[in-house]
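> Take a look and give me a structure for this.
(one chain, ligands or ions: 1)
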Amino acid sequence: MGYRYIGSKVKVVDNVIGKITEICPSKGRVADLMSGTGVISTELRKRDYKVTANDLMTYSYHHSIVNLKFSSSPKFEKLLNFISNIYDLDIELSPYENVINFLNNIKPKRGYFWNEFSYEGNPQNTERPRNYFSPENAQKLDGIREVINNLSCDHIINDLEKSLLLHDLIMAANDIANIAGTYGHYMSKLNGRALTELKLKCTELFLKSDVENHIVMQGYAEENANKIQCDLCYIDPPYMKRQYAANYHILETLARGDEPEAIGVSGLRPWRDQYSNFCTKTKIRESFKTIIENMECNNFLISYSEDGLLSIEDFELLLSNFGDVNIETFSHKRFRSNNSSLKNELVEYLIHLQC
Ligand SMILES: C[S@@+](CC[C@H](N)C(=O)[O-])C[C@H]1O[C@@H](n2cnc3c(N)ncnc32)[C@H](O)[C@@H]1O
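The predicted model follows:
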């Protein structure tokens, strides 16, 4: 099923990469400053760029590690050794495939996900049980989460292997979540794919011996800007008021492996520590200014949309304080929640600022 992520560039990757190649034909370092699911970073790596990927969210960090930091298939040496006593390994399968099969067979557990996010639960802060996952899948998530956490705490998997397993868990959860688009709300009835069983799958890793070239960071772009030097900085900010931390709170919880207080009808984790200024019209300008002034970089390429909080005219005015601005326009099919009444076609902008 893949990832339904607001603002994902999966459908316009060729436009973005085409423009980056035009501006930076002789490769060099490109920052993907708000990397999200990492489609642009991955494509840049495939084209021999050195990539610095950054995002505010922990799930995004794990995706970028998986996209940029594997040079060979994971061996899971300690883990295979550890589980060989309790689980029948299949010698026909790769270590990674054996590990995924092992996780898929972990005993389900009535834990935090079952209690807070399935209709059988008795959530702490609301009378009404939530319905993000079937009770069976929520229990599977609880069982697998606990095992991954323990394996990491006991140093049986390393950080790279942990990121890979959490990435796989997030992708699997996305496939069976009972949502219409984001995790801002769940659907009242369990439907379609939410009734199917949670199954982790091996990610098709892009393997290349260039991993030292790539840097993965997590944090506010405004704060990390002065730590980044690059030939081009690609910025794909949120366009609208919808905060990613609120709309993808469950993925963040899977990525962090914690059990935060689940608040209100939607069961949001406390998310103000990941509040984005780009979702507030009055704060966007200051944030862009901070990034552009603090980063050692002469070329910025920004994706924006006609839906954006700033008009394209406002944007041009803002950026022209820092250098020459060139804007390209194209249209594509938008991401829509199932119940959204928005029109299908969306005008997108690629804004090049040369300082
Ligand atoms: C439009 S999405 C990026 C989508 C990405 N290009 C893709 O194709 O998946 C915007 C991203 O900006 C991140 N974000 C929002 N505010 C941020 C900030 N101040 N610093 C860093 N990342 C931020 C969000 O977490 C989200 O992943």
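
> Centre of the chain to the lowest-mean-pLDDT helix or strand in the chain, how far?
Ranked by mean pLDDT, DSSP states H and E, the weakest helix or strand in the chain is strand 324-333, scoring a mean of 92. The chain centre lies 24 Å from the centre of strand 324-333; the measure is C-alpha atoms, centre = their mean, to the nearest Å.

> Equivalent analysis for stretch 128-140, please.
Stretch 128-140 has its C-alpha centroid displaced from the chain centroid by 22 Å (C-alpha atoms, centre = their mean).

> And for that stretch, what's in contact with it?
106, 108-111, 113-114, 116-123, 141, 173, 176-179, 183, 186-190, 194-195, 197-198, 250, 262, 265-267 (C-beta atoms under 8 Å, 6 or more residues apart in numbering). Heads up, the C-betas are built off the backbone N, CA and C, glycines and all.

> Among those residues, name the buried ones.
Buried members of the contacts of stretch 128-140, counted by 16 or more other C-beta atoms under 10 Å: 106, 108-109, 111, 113-114, 116-119, 121, 123, 141, 173, 176-179, 183, 186-187, 190, 194, 198, 250, 262, 266-267.

> For this structure, which residues are neighbours of the ligand?
With C-beta under 6 Å from any ligand atom as the criterion, the chain meets the ligand at residues 5, 7-9, 34-37, 39-40, 55-57, 60, 220-222, 236-238, 244, 276-278.

> In strands only, show me the residues you listed.
Among the residues of the chain next to the ligand, the residues falling in strands (DSSP state E) are Asp55.

> residues contacting the nearest residue to Phe278 once chain neighbours are set aside?
In space, and not counting its chain neighbours, Phe278 is closest to Pro237: 4.2 Å by C-beta to C-beta, 6 or more residues apart in numbering. By C-beta under 8 Å, 6+ apart, Pro237 lies in contact with 34, 276, 278, 284, 302-304.

> packing partners for the least confident helix or strand of the chain?
helix 312-319, strand 345-354 (3 or more C-beta pairs under 8 Å, 6 or more residues apart in numbering; DSSP states H and E).

> let's go with 6 Å and repeat that
On a contact count with 3 or more C-beta pairs under 6 Å, 6 or more residues apart in numbering; DSSP states H and E, strand 324-333 meets strand 345-354.

> re earlier: go through the contacts of Pro237 and say which is closest to Leu310.
Closest approach to Leu310 among the contacts of Pro237 (C-beta to C-beta): Ile284, at 5.9 Å.

> Spell out the secondary structure type for that closest one.
Counting by DSSP: H, G, I helix; E, B strand; the rest coil, the backbone at Ile284 sits in helix.

> Can you tell me the number of residues neighbouring it?
21 (other C-beta atoms under 10 Å).

> One more: Ser71?
If you count neighbours by other C-beta under 10 Å, Ser71 ends up with 12.

> now do the one 10 residues further on
Residues within reach of Asn81, counting by other C-beta under 10 Å, total 10.

> OK, contacts around the spatially most central residue of the chain?
Nearest to the mean C-alpha position of the chain, counting by C-alpha atoms, centre = their mean, stands Ser60 at 3.3 Å. Listed by C-beta atoms under 6 Å, 6 or more residues apart in numbering, the contact set of Ser60 reads 35-36.

> rerun that using 10 Å as the cut-off
5, 34-38, 41, 53-54, 216, 218, 244, 248, 251-252, 255 (C-beta atoms under 10 Å, 6 or more residues apart in numbering).

> Equivalent analysis for Ser94, please.
For Ser94, the contacting residues are 73-76, 100, 202, by C-beta under 10 Å, 6+ apart.

> quick one: the residue in the chain sticking out farthest from the centre and Ser60, what's the gap?
Taking C-alpha atoms, centre = their mean, the residue of the chain most remote from its mean C-alpha position is Asn85, at 34.9 Å. Distance check for Asn85 against Ser60: by C-beta to C-beta, to the nearest Å, it reads 36 Å.

> No more questions from me, cheers.
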